[in-house]
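Undergrad: Here is my input, please return the structure:
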Amino acid sequence: MRCPICDREILDFLKYDNWIKVVNFLEFLKTEDQITEQTYQIMVECMLSFKEYAMNESDESDKKQKSLLQSQQEIEPECLISQYQQRELNKENITKDKHFEFTGKTKKLEDETVLHQIKAIRDLPYHDVKKGDIGGWIEKPENLSDNAWVSGNAKVSGDAKITGDAEVSGDAWVYGNAIVSGNAQVSGYVSGNAKVSGNAKVIE
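TA: Residues are numbered from 1 along each chain as shown. Take a look at the predicted model:
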C-alpha cells in the first residue's frame, strides 16, 4: 500500500516504527477514509503477525532503512504519513500553557540540525500575533515558552530559551545556551551563554 501523496510505501514506514504507533496510524488512515473498516482489520492482523519477522531483521538493514526515512527533508503536510507524524509531534508539544504548534514544515541547518516552523494557536496581543499566524523556526518546544514569539526567518536552536514576552525576529539566530527573556527584542545573533533580558534590544 502506497501513500497517494508522496508515493512512499506505507508498510515500509510502519515496519520500522513502534508497533503501538502502527495500530494508531492505521486508525488514522481509517478516520481519514483512506481505508475501509475491513481493510483496517486485515492490516492490523497482518502487521501484528509480521512483527516477529521484522524485529528479527539484521541491525544493519534496520539502520539503513531508518537513515533513509530520516533523510527525507521538507515534506508537505498533506502527505498521509507526514500528517500522522506531525499529529503525534503536536500531541507532545501542546499543553495548557502552550501558544504554538508545529506546521509540519522543516528545514536543516548546515550542521544537520532540524528546525520546525511554528504557528500560533492563540492570540498574542503583545506581539500583534493572531491565532493561526505563521512564525519562525525552532528546534524543539523547549526553546519557546510563556508568551515569547519567534517570527520571520528567525531561528532558535540548541538549548537556547526564549521566555516572557521576548521576541526574536527578522533573520536573527539564537543558539547555544543563550537566554532571551522579559520584553527583550532580538533581530541579530545571540549565542553561547549570553543572556538578554528586560527591555534590551539586540539588532544586527
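Undergrad: how close does the closest residue in space to residue 113 that isn't next to it in sequence sit to residue 190?
TA: The spatially closest residue to residue 113, leaving aside those adjacent along the chain, is residue 157, at 5.4 Å (CB to CB, 6 or more residues apart in numbering). In this view, the C-beta of every residue, glycine as well, is placed from N, C-alpha and C. According to CB to CB, to the nearest Å, residue 157 stands 11 Å off from residue 190.
Undergrad: and for the two, which residues touch both?
TA: 173, 174, 175 (CB atoms under 8 Å, 6 or more residues apart in numbering).
Undergrad: Tell me the buried residues in stretch 121-136?
TA: By 16 or more other CB atoms under 10 Å, the buried positions in stretch 121-136 come out as 124, 127, 129, 133, 135, 136.
Undergrad: how about stretch 107-114 as CSV, C-alpha atoms only?
TA: Only the C-alpha atoms of stretch 107-114 are listed here, as CSV (Å, rounded to 0.1, in the frame of the first residue of the first chain):
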residue,chain,number,x,y,z
LYS,A,107,14.5,22.9,7.3
LYS,A,108,18.0,21.8,8.1
LEU,A,109,20.9,23.9,9.2
GLU,A,110,24.4,23.2,7.9
ASP,A,111,25.2,21.0,11.0
GLU,A,112,22.1,18.9,10.2
THR,A,113,20.0,20.4,13.0
VAL,A,114,16.3,20.2,12.0
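Undergrad: for that stretch, which positions count as buried?
TA: Result for stretch 107-114 [16+ other CB under 10 Å]: no buried residues.
Undergrad: what does it contact?
TA: Contacts to stretch 107-114, defined as CB under 8 Å, 6+ apart, come from residues 73, 74, 106, 115, 117, 137, 139, 155, 157, 158.
Undergrad: Below-threshold pLDDT in this structure: ranges please.
TA: Scanning the chain for pLDDT under 70 picks out 1-23, 25-26, 34-35, 40, 42-97, 204.
Undergrad: Where do the helices of it begin and end?
TA: Along the chain, counting by DSSP state H, helices occupy 10-15, 19-31, 37-55, 59-70, 80-93.
Undergrad: so who does residue 196 touch?
TA: Contacts of residue 196 (CB under 8 Å, 6+ apart): 166, 178, 179, 180, 181, 184, 186, 190, 202.
Undergrad: Let me know whether residue 147 touches residue 126 as I believe.
TA: Yes: using CB atoms under 8 Å, residue 147 makes contact with residue 126 at a distance of 6.1 Å.
Undergrad: Now do the shared contacts for the two.
TA: Shared contacts of residue 147 and residue 126, counting by CB under 8 Å, 6+ apart, come down to residue 165.
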